[in-house]
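Peer 1: This is a predicted model, with the sequence first.
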Amino acid sequence: MPMPSIFPAPDGQSNRRYSLATVDSSVYPVSEGTRSRVSEAGRPKRRWSTLKTYAFNSAVTKRPLHRFHFLFSIRFFLAAVPAIFLLTTAITCWAITHYYSSQEIDRLAQEIRTDTIQLIQVRVLQRLKVLYDLATADVAFWNRTRFPRTSAEVQEISRRHYCHLEQHDHLVASPYLLIEPNQTILFHVLVKLPTGYVVDSQNSTHGHRMRAFNTVLGEPAEVVMELPRMDLAHAGFGPPVSELKPGEFTWFGVYNAGIGSGDMLEGLRGVFDENHVLVGRTGSSMSTLVMREMVKELVQRDSLEGSRLVIYQPDGFVLASSHGKFDLNTRFLLTEIGDPDIEAAAAKSFETTQTVCTPLQSVYELSREYFVDISTIDDPHPSLKPLDLCVMLLVPRDNTLGKVDVASRYTAMLIAALLIVVLLCSGLFAHRITQPLMDLASGMQDLVTLNTDGHTIGQSNLYELCATQQSYLVLREALQAFAKYLPHSVVMGLLDNRITAELGMKKCGVTVMFMDLENFTTLCDQSSAAEIVKTTGPLFQKMTDIILHHQGTLDKYIGDCIMAFWGAPAALPEPCQTAFDAVMEIQSNQKTSSATATPLRFRIGLHAGTVLVGNFGATQRFDFTCVGDAVNLAARLEPLNKEFGTSALCSERVYDELHAESKEKCRRMGSTLLIGKKDPIGVYEVGMGISAKHLLAWEQALRAYEVGDFATVATLLAPFDDKSALKLVRESEYLHLHPPEVWDGVRVMRSK
């Protein structure tokens, strides 16, 4: 025979053990054939078609066992392992291909950048060599002709310089300057302009003028304009030319802060007489515009699209740039070039190397990602003022590795699409197999939180799962009943911490509350048992809900009395204030019985202190409760309401811990000596419903009572008729007629 069940059966059915041998077929449809196939022990055999029907009459909620539960599930292995294997293989192949292709393309890109810098170095050095060689040849010519001064000699020099300018595209001028014995400047400069050639000349006869140059005859033609006569400083005989010695060479121009020149780069040699005195200078000039056109031409190649190329001096002054501002008459620093990428690259280079001319190969994130290469152009010519230049090349990373990135993105998209297809297929397959098992696991997790409500889930075709769910149903009902005999927080503590219940207590600061139903004896005399249960049941349920809502621990029901406390087993930051809030809500929910006119109200006592909290009793049966002097004192405060004419009292210990706004809802009832206590305590009424005028009169009357002026008490409280006032007046009148020998102002509790 099946054993009787302690759990309630479905609505309208008798209690019986939940097994297939005894289940009511009107609620759980089970065929007679299935009943006969159940073993004597109640365990189902491997005929599971009806088992699954029974197993899914229970609702199960869905909640994960823990945060990463999915990683350890059968569903994960069935769905993810094939996808992970495919993804790992694809990513490995893609990564290897991407790595080696990126390495090779990066090597090729670096070679292109290196070749570009070497090309600019070669082109610049070639042009500098031409300037150096022409200056050397001119000095040799001057030394042979002994400083030509006549018109015929000067014309011969013009024809010679014309040949040089025609032969070399980058040359724009060839100067010839002499210092006369009277310090007059004699100069003759052939200048190549976009519109033709002009001769800029000055002598002692006609002064400073500019004339057109007849390229056919090789001689000056008509005068274009008259210009002011130049002195030594303006003729370029200052430093570094004035510092030259016989046989020395120097560079002049680019940017000279002293004279503000900068549109020309000249290679110069000094001309000296037999006494080694500087009497002139000669050489050739190259415009910075030529160098600008050269760098712009280089960066227009396909492999350098979007690149920036700058030639500048070690001090940061720009000689030529493919981007940014350009002015033939002004030189400017890298940080003033007007191109944000070049300026930012120069700033980052300075942060890294403390200079802007240290050789460097790096990658900078500017307006886009750039490969940055910095190199130097060392002047190989012996010079009084060496011309050392720097080259900065900025190449967008997209030019080289961009195509690899695009191919990688398409490959990644293809892998992702394939992975999605595999995941969908394997996920659908895994879902159909494991979803019932996941639902059961979620239901078991709900039992840990004492959540026994849920929804119906779909059926499974797996015998093992049906048998497991049957056991789950019995376990759920058992735990649901178990939770009704202990405070919810205690059960949750046992389940959450996997603690075995055993005897033991510890000291803890708590706030204890006793509440007892008024006139319960009268109600029992006037009503039947069924009416009492019907009347008090909803009231006790409401009070219980309020206590639990305010995080209280419901200790026990003692007849018509409820004992609860705050601060254990879960600690609270303000247990006194929380308990006070619960009492206020309880008072606002008091009501009268509908079955009888007898008022159904609770008298409440509230006290705080240190007690022993834990499992108390015997090993076979014990309760989670608290014991101690504070518990006894709270129990004494509850019946004190009857003597004071109040419904809720708290001790001064609780009152001191309340917020200011809560204290305003309390009324001092004076010092009281409770039964069984040696020392009086301060007592306060909780939630008094009197006016401010009444409260003032009450406080004055209570002070008069405490000092023994009993006659004044009746006078002050005469206009008021609340129970507390009437009881204090009655007590004062008695003391006035029977004055005590010694009076300390303490009110004495006379009965429990």
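Peer 2: Looks like it came in fine. Residues are numbered from 1 along each chain as shown.

Peer 1: C-alpha only now, for contacts and for neighbours.
Peer 2: Fine.

Peer 1: Count the neighbours of Thr646 for me.
Peer 2: Using other CA atoms under 10 Å, Thr646 has 22 neighbouring residues.

Peer 1: Leaving out the residues flanking it, which one is nearest to it?
Peer 2: Distances taken as CA to CA, 6 or more residues apart in numbering place Ser724 nearest to Thr646, at 6.5 Å, with adjacent residues excluded.

Peer 1: Show me what counts as buried in the longest strand along the chain.
Peer 2: Longest strand in the chain by number of residues, with DSSP state E as the criterion: strand 602-617. Using 16 or more other CA atoms under 10 Å as the test for burial, strand 602-617 gives 602-616.

Peer 1: what about the helices in the stretch 101-250 of the chain?
Peer 2: For the stretch 101-250 of the chain, the helices defined by DSSP state H, counting those that start in this stretch cover 151-167.

Peer 1: That should have said the stretch 551-700 of the chain, apologies.
Peer 2: Counting by DSSP H, counting those that start in this stretch, the helices of the stretch 551-700 of the chain are 575-588, 629-644, 652-656, 660-663, 692-707.

Peer 1: which ones are touching the residue nearest to Thr646?
Peer 2: Residues counted as contacts of Ser724 (CA atoms under 8 Å, 6 or more residues apart in numbering) are Phe644, Gly645, Thr646.

Peer 1: what pLDDT does the second one get?
Peer 2: Per-residue confidence (pLDDT) for Gly645: 88.

Peer 1: Give the burial count for it, as a bare number.
Peer 2: 16.

Peer 1: Pretty sure it sits against Lys727.
Peer 2: Yes: in this structure, Gly645 is within contact of Lys727 by CA atoms under 8 Å, at 6.9 Å.

Peer 1: can you redo the helices of the stretch 551-700 of the chain as CSV with distance to Leu134 and mean neighbour count?
Peer 2: Shown next, in CSV, are these (distance: least, CA to CA, whole Å; neighbours: other CA atoms under 10 Å):
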stretch, distance to Leu134, mean neighbour count
helix 575-588, 101, 20
helix 629-644, 113, 21
helix 652-656, 105, 19
helix 660-663, 101, 12
helix 692-707, 113, 17
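
Peer 1: nearest to Glu219, of those?
Peer 2: Evaluated over the helices of the stretch 551-700 of the chain, closeness to Glu219 peaks at helix 660-663, with 110.4 Å, by CA to CA.

Peer 1: And that closest one, how far out from the chain middle?
Peer 2: The chain centre lies 40 Å from the centre of helix 660-663; the measure is CA atoms, centre = their mean, to the nearest Å.

Peer 1: go on, stretch 153-164?
Peer 2: So, by CA atoms, centre = their mean, the centroid of stretch 153-164 is 76 Å from its chain's centroid.

Peer 1: Now that stretch - C-alpha only, PDB.
Peer 2: Extracted C-alpha coordinates of stretch 153-164, given in PDB (Å, rounded to 0.1, in the frame of the first residue of the first chain):
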ATOM      1  CA  GLU A 153      84.300  90.100 -70.900                       C
ATOM      2  CA  VAL A 154      81.000  90.400 -69.100                       C
ATOM      3  CA  GLN A 155      79.100  89.300 -72.200                       C
ATOM      4  CA  GLU A 156      81.400  86.300 -72.400                       C
ATOM      5  CA  ILE A 157      80.400  85.400 -68.900                       C
ATOM      6  CA  SER A 158      76.700  85.900 -69.700                       C
ATOM      7  CA  ARG A 159      77.000  83.500 -72.700                       C
ATOM      8  CA  ARG A 160      78.800  81.000 -70.400                       C
ATOM      9  CA  HIS A 161      76.100  81.200 -67.700                       C
ATOM     10  CA  TYR A 162      73.400  80.900 -70.400                       C
ATOM     11  CA  CYS A 163      74.800  77.600 -71.500                       C
ATOM     12  CA  HIS A 164      74.800  76.400 -67.800                       C
END
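
Peer 1: Any idea which helix or strand in this protein has the lowest mean pLDDT?
Peer 2: For the chain, counting by mean pLDDT, DSSP states H and E, strand 59-60 ranks last in confidence among helices and strands (a mean of 34).

Peer 1: Where do the strands of the stretch 301-450 of the chain begin and end?
Peer 2: Secondary structure of the stretch 301-450 of the chain (DSSP state E, counting those that start in this stretch): strands at 308-312, 318-321, 360-365, 369-377, 389-396.

Peer 1: between the ones you listed, which gets nearest to Arg159?
Peer 2: strand 318-321 (30.2 Å).

Peer 1: which other helices and strands contact the closest one?
Peer 2: Of the remaining helices and strands, those touching strand 318-321 by 3 or more CA pairs under 8 Å, 6 or more residues apart in numbering; DSSP states H and E are helix 288-299, strand 308-312.

Peer 1: What's the local residue count around the closest residue to Tyr132 other than its chain neighbours?
Peer 2: Closest residue to Tyr132 apart from its sequence neighbours, by CA to CA, 6+ apart: Gly267 at 5.7 Å. Gly267 has 26 neighbours, counted by other CA under 10 Å.

Peer 1: what packs against the helix or strand encompassing Gly267?
Peer 2: For Gly267, the host element (DSSP states H and E) is strand 264-272. The criterion is 3+ CA pairs under 8 Å, 6+ apart, and the helices and strands that strand 264-272 contacts are helix 74-145, strand 249-253, strand 278-287.

Peer 1: Packing partners of the last one?
Peer 2: Spelled out, that is strand 278-287. If you count contacts as 3+ CA pairs under 8 Å, 6+ apart, strand 278-287 packs onto helix 74-145, strand 171-179, strand 264-272.

Peer 1: Tell me which of these sits nearest to Val474.
Peer 2: Relative to Val474, the nearest member of these by CA to CA is helix 74-145, separated by 25.2 Å.

Peer 1: Okay, angle between the closest one and helix 151-167 too, please.
Peer 2: Interaxial angle of helix 74-145 relative to helix 151-167 (axes from the mean of the first three to the mean of the last three CA atoms, to 10 degrees): 160 degrees.

Peer 1: so how far is helix 74-145 off the chain centroid?
Peer 2: Mean-position distance between helix 74-145 and its chain equals 38 Å (CA atoms, centre = their mean).

Peer 1: what is the orientation angle of it with strand 369-377?
Peer 2: Using the same axes, to 10 degrees, helix 74-145 lies at 30 degrees relative to strand 369-377.

Peer 1: who does helix 74-145 touch, helix- and strand-wise?
Peer 2: By 3+ CA pairs under 8 Å, 6+ apart, helix 74-145 packs against strand 264-272, strand 278-287, strand 369-377, strand 389-396, helix 402-448.

Peer 1: Just put the ones you listed in TSV and tack on distance to Asp709.
Peer 2: Converted to TSV, the helices and strands packed on helix 74-145 look like this (distance: least, CA to CA, whole Å):
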stretch	distance to Asp709
strand 264-272	116
strand 278-287	117
strand 369-377	94
strand 389-396	100
helix 402-448	63
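
Peer 1: and these as a markdown table, adding mean pLDDT?
Peer 2: Listed next are those as a markdown table, based on pLDDT from 0 to 100:
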| stretch | mean pLDDT |
| --- | --- |
| strand 264-272 | 83 |
| strand 278-287 | 82 |
| strand 369-377 | 89 |
| strand 389-396 | 89 |
| helix 402-448 | 74 |
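
Peer 1: And the ones you listed: which comes nearest Leu674?
Peer 2: Across the helices and strands packed on helix 74-145, the minimum distance to Leu674, taken as CA to CA, is reached by helix 402-448, at 44.0 Å.

Peer 1: Run the angle between the closest one and strand 389-396 for me.
Peer 2: Using the same axes, to 10 degrees: helix 402-448 against strand 389-396 is 50 degrees.

Peer 1: Now do helix 402-448: distance to the chain's middle.
Peer 2: Relative to its parent chain, helix 402-448 has a centroid offset of 27 Å by CA atoms, centre = their mean.

Peer 1: Which neighbouring elements make contact with that helix?
Peer 2: In this structure, helix 402-448 makes packing contacts with strand 59-60, helix 74-145, helix 463-483, helix 488-496, judged by 3+ CA pairs under 8 Å, 6+ apart.

Peer 1: averaging pLDDT over each of the ones you listed, which comes out lowest?
Peer 2: For the helices and strands packed on helix 402-448, the bottom mean pLDDT is recorded on strand 59-60, which sits at a mean of 34.
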